[in-house]
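Colleague: Quick one, fold the following:
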Amino acid sequence: MAITQPGGAGTTIYLYDDTSATNHAAAPGPHTWAEIATAFAADFVSNSTNLASYRSKVTVQIGDTGTGTASTSIVDTNAVVLFDSAKTLAFRATQTSSWALTLGTKLGSGNTASGVNGGFLAFGAATVLRGTVKLYGCILKQTSGAVTWNPGFASSGSEAVNCLFQSSSTGTAPFVFGATTATLANLYNVDLSHTSTTSFTTTNFFVDNAERLTWGGSTPTSLIASGSNSIQIKDVVLFGSPSVSDLRWTGSTAAAWKLIGPKYTGSGIARFTTATSGVPSLANATVEYWSWDVKVVDSTGAGVQSIPVKITDTIGNVQVNTTTDSNGAVSFGSGLTLNAMAVVDHYSVGTTYTLRHRSPFFVEINTGASANSNYLARRYYFYWPGYETFTTTGGQFQDVADVVSIQDQPGAPTTWTEAVQP
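Modeller: Alright, predicted model coming up:
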């Protein structure tokens, strides 16, 4: 079968097997929203608008009613699909590696590409996105229950780029991302918002790469409340006035989150709370990173190559130990923490939220055995910008950009002429 409705009018529409021609004009190949509307016009209604839009009176499921394993997919762009109350897009819960959904177009490649033309989906019931799901330039609206995105198998390559997830559900956890053995590959430039006045959290955040995300909600308890180990998010922005904390650790083991350049709500509430006494402890604290961008130059302002650069934090960790490239810049770290330094640790003593600052930092440039004798050595301490006001409930760090000269200007100083009152 390809597109069928085995229960008759008013029941679930099933899509199965991209190679089958039954009600599927483009076989072999992926299914489209238009094909579903053509096959069962009474239950998947085309609104005949300039921008393709459809009303689904029934649930549409990717995957058959039995145990089939044939690859089945929906691929489409620039369409609006509105599901009636209690209806949604479903996926068969087994053989998840056979199911796929791709909406929109990815522009470029890699984790920081762009995405366009994914269209708009409004779900009328709790939704579980399974299989390989790729969303580019999409808006997903959840009106009832949670949207749980769980591929169901490892290395699915599922991602969302340039997307908006909205929820008006009264559930306390409207968005659930990934699972321990079924992580999402990438969330980039994704906004999440919740308009209900009840509690709002994101749970089970298992994502390999998460960058440029925003969370916002109406009277949330916490914006991210998760027991997911080793969360890594870069350039996350949090909005709203949480009643408990911006972020909350709900697990019973090590947290070890990494937050790179986070922007907190600034609502005066705790940045972190923990549901379990002593977790995360200092040994497995959540670490906050900020970018350190330095250029080492000569007297003309040109970058100097092969100059050793070393930075040690106040607790004795050498965070940078490298040499400058041809432009006088340095590169250290990897992944989302590339060129970012650990600035503060968030942890708990019992259930008391505590900070450990890594400032002051000791910078050594052109020192040690590999120093270049043609240039000066520089040694200095600095406190990370924002240190003086950063507490468990307030303040904000900033990225650092620095230019360090290791060569004095040539020639004698310019003669100083004192101005005289006429």
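
Colleague: can we go C-alpha only for contacts and neighbour counts from here?
Modeller: Fine.

Colleague: what about the protein, any weak spots by pLDDT?
Modeller: In the predicted model, the chain carries pLDDT under 70 at residues 171-172, 197-199, 254, 422.

Colleague: can you list the domains in it?
Modeller: 71-276, 289-405 (automatic domain parsing).

Colleague: List the buried residues for stretch 65-74?
Modeller: 69, 70, 71, 72, 73, 74 (16 or more other C-alpha atoms under 10 Å).

Colleague: from those residues, which two are the most distant?
Modeller: 69 and 74 (15.8 Å; C-alpha to C-alpha).

Colleague: what number of residues lie near the closest residue in space to residue 3 that isn't next to it in sequence?
Modeller: Distance criterion C-alpha to C-alpha, 6 or more residues apart in numbering; nearest residue to residue 3, sequence neighbours excluded, is residue 15 at 4.6 Å. By the measure other C-alpha atoms under 10 Å, the count of residues near residue 15 is 29.

Colleague: Could you check how far the nearest residue to residue 271 once chain neighbours are set aside is from residue 237?
Modeller: Sequence neighbours aside, residue 246 is the residue nearest to residue 271 in space, at 4.9 Å (criterion: C-alpha to C-alpha, 6+ apart). Distance, residue 246 to residue 237, using C-alpha to C-alpha, to the nearest Å: 10 Å.

Colleague: What's opposite the residue nearest to residue 3 in the beta bridge?
Modeller: Taking DSSP bridges as the rule, residue 15 bridges to residue 3, residue 62.

Colleague: Please tell me how far it sits from residue 4.
Modeller: 7 Å.

Colleague: before we move on, the earlier item: correct me if wrong: the residue nearest to residue 3 contacts residue 2.
Modeller: Yes. Assessed by C-alpha atoms under 8 Å, residue 15 is found in contact with residue 2 at 5.4 Å.

Colleague: where along the stretch 1-150 of the chain do the helices fall?
Modeller: For the stretch 1-150 of the chain, applying DSSP state H, counting those that start in this stretch gives helices covering 33-39.

Colleague: Would you check that residue 59 makes contact with residue 11?
Modeller: Yes. Contact status for residue 59 versus residue 11: in contact at 7.4 Å, counting by C-alpha under 8 Å.

Colleague: Mind giving me the packing neighbours of whichever strand or helix holds the residue nearest to residue 271?
Modeller: Secondary structure from DSSP states H and E places residue 246 in strand 245-249. Other helices and strands packing on strand 245-249, by 3 or more C-alpha pairs under 8 Å, 6 or more residues apart in numbering; DSSP states H and E, are strand 224-226, strand 270-274.

Colleague: and the longest one, which strands flank it?
Modeller: Based on DSSP bridges, the pairing partners of strand 270-274 within the sheet are strand 245-249 (parallel).

Colleague: how many other residues sit next to residue 21?
Modeller: 15.

Colleague: For the residue nearest to residue 3, which residues are in contact?
Modeller: 1, 2, 3, 4, 31, 60, 61, 62, 63, 64, 72, 73 (C-alpha atoms under 8 Å, 6 or more residues apart in numbering).

Colleague: distance of it from residue 62?
Modeller: Look at residue 15 and residue 62: by C-alpha to C-alpha, they are 5 Å apart.

Colleague: what's the overlap in contacts for those two?
Modeller: 72, 73.

Colleague: right, and residue 233 touches residue 286 too?
Modeller: No. Counting by C-alpha under 8 Å, residue 233 sits too far from residue 286 to count as a contact (11.5 Å).

Colleague: Would you mind telling me which of those two has more residues around it?
Modeller: residue 286 (26 against 23).

Colleague: and the closest residue to that one other than its chain neighbours, how many neighbours does it have?
Modeller: Closest residue in space to residue 286, ignoring its immediate chain neighbours: residue 257 at 4.5 Å, by C-alpha to C-alpha, 6+ apart. The number of residues packed near residue 257 is 21, by other C-alpha under 10 Å.

Colleague: Isn't residue 257 up against residue 289?
Modeller: No. Counting by C-alpha under 8 Å, residue 257 stays clear of residue 289, with 10.6 Å between them.

Colleague: if we can go back for a sec, let me have the buried residues of stretch 65-74 in CSV, extended by distance to residue 135.
Modeller: Shown next, in CSV, are the buried residues of stretch 65-74 (distance: C-alpha to C-alpha, whole Å):
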residue, distance to residue 135
69, 23
70, 22
71, 19
72, 17
73, 13
74, 12
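
Colleague: coming back round to it: out of the contacts of residue 15, which are buried?
Modeller: 2, 3, 4, 31, 60, 61, 62, 63, 64, 72, 73.

Colleague: got CSV for the residues you listed, with distance to residue 351 too?
Modeller: Listed next are the buried ones among the contacts of residue 15 as CSV, based on distance: C-alpha to C-alpha, whole Å:
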residue, distance to residue 351
2, 55
3, 54
4, 55
31, 52
60, 46
61, 45
62, 45
63, 46
64, 49
72, 48
73, 47
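
Colleague: and which of these is nearest to residue 364?
Modeller: For those, the closest approach to residue 364 (C-alpha to C-alpha) belongs to residue 73, at 55.9 Å.

Colleague: what pairs with that closest one across the strands?
Modeller: The partner residues for residue 73, given DSSP bridges, come to residue 100.

Colleague: separation between it and residue 16?
Modeller: Applying C-alpha to C-alpha to residue 73 and residue 16 gives a distance of 8 Å.
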